[in-house]
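Chemist: Take a look and give me a structure for this.
(chains A and B, ligands or ions: 2)
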Amino acid sequence: MKFMDKVIESHSGVTSTPPERVQGNVNRRDFLKLSSLLGAGLMLEFSFLGAGCSKFGEKSSFTPNAFIHIDEDGLVTLVAHKVEMGQGTYTSMPMLIAEELEIDVSKVRLEHAEPNEKAYADPLLGGQLTGGSTSVRGAWKPLREAGATARIMLISAAALEWKVDPKTCRAENGEVIHIPTDRRLSYGDLVNEAARLPVPEVVVLKDPKDFKVIGKPIHRLDSPSKVNGTAQFGIDVQVPDMKIATVSASPVFGGKIVKVSDEKAKEVKGVRQIVLIDNAVAVIADHMWAAKQGLAALDIQWDDGENASFTSESLAKDIAEASKGKAAVAKKVGEPGEVMAGSGRKIEAIYEQPFLAHATMEPMNCTVHLQADSCDIWVGTQVPTIAQGAVAKLTGLPPEKVKIHNHLLGGGFGRRLEVDFIAQAVEIAKQVDSPIKVVWSREEDIQHDMYRPYYYDRISASLDEHGKPIAWSHRITGSSIMARFFPAYFKDGIDPDAIEGAVNLPYSTPNVLVEYIRHEPPFVTAFWRGVGPTRNCFVTESFMDELSVAAKKDPVEYRRALLNESPRAKAVLELAAEKAGWGTPLPAVKGAKVGRGVSVLFAFGSYIAQVAEVTVSADNEVTINRVVCAVDCGIVVNPDTVQAQMEGGIIFGASAALWGEITFNNGRANQSNFHNYRVVRMNEAPKVEVYVVPSTESPGGLGEPGTSALMPAVANAVYAATGKRIRKLPIVSTLKTMI
Amino acid sequence: MVTLNVNGKDHALDVTDDTPILWAIRDIIGMTGTKFGCGMSLCGACTVHLEGKPIRSCVTPVSVAADKAITTIEAIGDTEIGKRVQDAWIASEVVQCGYCQSGQIMSAVALLKENPKPSDQDIDAAMSGNICRCGTYVRIRSAIKQAAGMGEHVSEGV
Ligand code: FES
Ligand code: FES
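Modeler: Ligands and ions are numbered 1, 2, ... in the order given. As a prediction, the model looks like this:
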């Protein structure tokens, strides 16, 4: 069907067999309607929930949670809930609207939503937050529907004005055109008239093959301000009369202040005030340098509390013990126990993964102006509504008196899903008269992060005489972030996130058991560029490699043979292997060993395969030279974003795979800054090649999978190079303990 | 009292001599394009030019800059190389969260001023002090080459 026919057809409400017809059981007016909120222009309210289900299967009734407004200049503003933290949302979401509205993407602006839990809930996660690779996935249909609806109304308005049949009109590039006479009216001239028309009952969305915007690389809309220093991150906020504060919280989680001597600190030029809260000291000053100097001059006595003797070793022992306990069954297919006890060849392994810090490039910070009857917060957060609620509770103010001014995020990765640093800033602000900007040092940021949990996995398989797995058993022991963050989703002892990526392996195995045991360290843990798949993939894909070795098969061939029922996974594996030159020899490096490793991942609705090439030096330093990544993430909205997210995710994963770990001694984190929490730099960054498999499936997530698949690909490459199997991350410190 | 010349403008500041240029620029002068990342000369987010040379402003005291010219990200686009680098950054879609990019651009401009046609090794040497947690290194490299007129494509595929 030609695009123009479709416009006409959709406008008239007559449909043949549209590719995606939006009607179903839902009364259209229930999830998209004209807004009465604004005088001039055309404003539509719509709901991200009305069009789909939440991630865990609950349908919700209509509350408008996004708005598009077209003004008299023809400029379109989308007010929605997603936060830009680097993943390109600011560009992808306007693209979806622009596609159906027939307007240039540059005419569509995205605005941060005001916090309002009901109104801006994420359709997949069920709350107002940006995380879990859900941005484009959840917006995919509703935004296109909103664009299509507005377009139809604008066409109707023009047809009325010209007194012609709307079927003889079409929309293009921000104008409605009367086809026979080539008369044109711009959207800006039509908005007020369109706003008086009824909202069409039915819209038909374009067939993907007619897409003009979706699938084409589009320049990120936020780049210019980020290359000339004008982009405003939370840390850049300046409020009149603002003071700067920096903090030192108890070095041991759960510790308290006993006594602070502040005479010397008060002598530091520019220091204004020393503030003590329950578990931290803050120095309020004219600028950060004075605050830092003041903090260094304090003599603080801490009561370390119960966790004073916590060490990584004690945690490792505890979690190993816990893993022998009673587990909740997350998935059971066939008779894994029986088969495992049978005659097959049994392979077993234990995998461990460390605590990780997020180390976002922008350290934690929050600016607060607390007054008698209001509180203003300037911050970059992935969860504005949660932040608003937390501040309301702390201050006793009604939520509507708490104003969250959200800013660009200098990296999120899950860290800015937490509001600990916002709550702390508010506690400090209670004792300060002026507005304050609380900025954490990098040391504070790393030592008081909410870490990615430590996990301990027992995994085993039974192989038949051809080496194929006939039983698979995977027991995951570790902290449940969901139980804290979304308690309602922690049911029957199962954390649905902790097992994600372990229960839905793409491979065909007749008997499967996946279990989970919750085990908490003495402090709270947090999401870290996803959690479940990010760490499960390391375990399952490393273990698949072990199985291929046991079966004496090539790792790619071994996986391929098990992927007949998962054609998308098979296709990415084949593509990555082909592009990487799998099977061809790698050039030798003098005095070092080289190897290739592969991984396959299905998570967040996307299929990924990676092949990593590494060099391992005589002193066990590992260099990742090249990563080839094949992706099938459904329909690609902005191909450049796909590529960028893969490149970024791979490099983020490389830091963690090679060196990332937070360890503890005497209850204190041993790492503090980038010299001992090492991250990949330019000279260490692999060459990354990304190949996208064309697909017409719904879009999958992209923020996390690149990171997830990288870790096993590298560990498997290290095995190929050295014959050493890495069952504990990070790779380099494990390699150095192996003989 | 210290006088700092930032982007051609003098600022008289009432700070101690040991105050790092970073905080003088950000918190006192109020120009926030230059970023704080580590405070220990480990990440490069705070890179500015002092007399045209890249320095880590988080560890360089204002006393060092007396009577010298500081250039920050806010003004680097006024120079020919600075503009070229910014344009290449946009054309190559380098930016993700963007927080490190002020520092990356300042380091890249300094590199190209010294070395108009840098090799991969030259790029590694000049840029490895600048951390990007979003992992934009692949594109930074290609943007530098593009700005140097040695254009190459970001990567194959897609
Ligand atoms: S803030 Fe100066 S190098 Fe990191
Ligand atoms: S773009 Fe985010 S840290 Fe570099």
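Chemist: Now do the same contact list for the residue nearest the centre of chain B.
Modeler: Closest to where the C-alpha atoms of chain B average out (CA atoms, centre = their mean) is B:Met106, at 2.0 Å. Contacts for B:Met106 (CB atoms under 8 Å, 6 or more residues apart in numbering or on different chains) come out as B:Thr47, B:Val48, B:His49, B:Pro54, B:Thr72, B:Ile73, B:Ile76. Any C-beta I mention is one placed from the backbone N, CA and C, and that applies to glycine too.
Chemist: tell me the contacts of the first one?
Modeler: The reference is to B:Thr47. B:Thr34, B:Pro54, B:Ile55, B:Arg56, B:Ser57, B:Ser102, B:Gly103, B:Met106, B:Ser107, B:Ala110, B:Asn130 are the contacts of B:Thr47 under CB under 8 Å, 6+ apart.
Chemist: hmm, 6 Å instead?
Modeler: B:Thr47 sits next to B:Pro54, B:Gly103, B:Met106, B:Ser107 when contact means CB atoms under 6 Å, 6 or more residues apart in numbering or on different chains.
Chemist: same deal with the fifth one?
Modeler: By CB under 6 Å, 6+ apart, the contact list for B:Thr72 reads B:Gly33, B:Thr34, B:Val48.
Chemist: The second one now?
Modeler: Shown in contact with B:Val48 (CB under 6 Å, 6+ apart): B:Thr34, B:Ser57, B:Ile70, B:Thr72.
Chemist: switch to 7 Å and redo it
Modeler: B:Ile21, B:Thr34, B:Ile55, B:Ser57, B:Ile70, B:Thr71, B:Thr72, B:Met106 (CB atoms under 7 Å, 6 or more residues apart in numbering or on different chains).
Chemist: Over to A:Tyr456?
Modeler: Applying CB under 7 Å, 6+ apart, the residues contacting A:Tyr456 are A:Ile319, A:Ala320, A:Ser323, A:Glu352, A:Thr477, A:Gly478.
Chemist: try it again with 6 Å
Modeler: With CB under 6 Å, 6+ apart, A:Tyr456 has these contacts: A:Ile319, A:Ser323, A:Glu352, A:Thr477.
Chemist: That one: what secondary structure?
Modeler: Following DSSP: H, G, I helix; E, B strand; the rest coil, we place A:Tyr456 in the strand state.
Chemist: give me the beta-bridge partners of it?
Modeler: A:Glu352, A:Thr477 (DSSP bridges).
Chemist: now it: how far from chain B?
Modeler: 27 Å (CB to the nearest CB, to the nearest Å).
Chemist: From A:Ala327, how far off is that residue?
Modeler: For A:Tyr456, the distance to A:Ala327 equals 12 Å [CB to CB, to the nearest Å].
Chemist: Could you list the domains of chain B?
Modeler: Following automatic domain parsing, one finds the domains of chain B at B:2-75, B:77-147.
Chemist: most packed of those?
Modeler: When those are scored by mean count of other CB atoms under 10 Å in any protein chain shown, the highest mean neighbour count falls to domain B:77-147 (a mean of 23).
Chemist: distance between the ends of that one?
Modeler: Distance across domain B:77-147, first residue to last, is 13 Å (CA to CA, to the nearest Å).
Chemist: hmm, that domain touching ligand 1?
Modeler: No. Against ligand 1, domain B:77-147 shows no contacts by CB under 6 Å from any ligand atom, the least distance being 7.3 Å.
Chemist: if we can go back for a sec, in JSON lines, list the domains of chain B along with mean pLDDT.
Modeler: Formatted as JSON lines, these follow (pLDDT from 0 to 100):
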{"stretch": "domain B:2-75", "mean pLDDT": "97"}
{"stretch": "domain B:77-147", "mean pLDDT": "97"}
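Chemist: residues in contact with B:Met22?
Modeler: Wrong residue type there; residue B:22 is Leu, not Met. B:Cys46, B:Ser57, B:Cys58.
Chemist: ok, these vs A:Thr707, which is closest?
Modeler: B:Cys46 (26.8 Å; CB to CB).
Chemist: Show the contacting residues for that closest one.
Modeler: Contacts of B:Cys46 by CB under 6 Å, 6+ apart are B:Leu22, B:Thr34, B:Arg56, B:Ser57, B:Cys58.
Chemist: For residue 107, give me phi and psi.
Modeler: By default, I'm working from chain A. phi -90, psi 0 (degrees, to the nearest 10).
Chemist: nope, chain B
Modeler: B:Ser107 adopts backbone torsions of phi -70, psi -40, taken as degrees, to the nearest 10.
Chemist: That one and A:Pro363, how far apart?
Modeler: Where A:Pro363 is concerned, B:Ser107 sits at a distance of 20 Å (CB to CB).
Chemist: neighbours of the residue nearest to A:Gly634 when sequence neighbours are not counted, just the number please.
Modeler: Excluding the flanking residues, the one nearest A:Gly634 by CB to CB, 6 or more residues apart in numbering or on different chains is A:Glu697, at 3.9 Å. A:Glu697 has 13 neighbouring residues, counting by other CB atoms under 10 Å in any protein chain shown.
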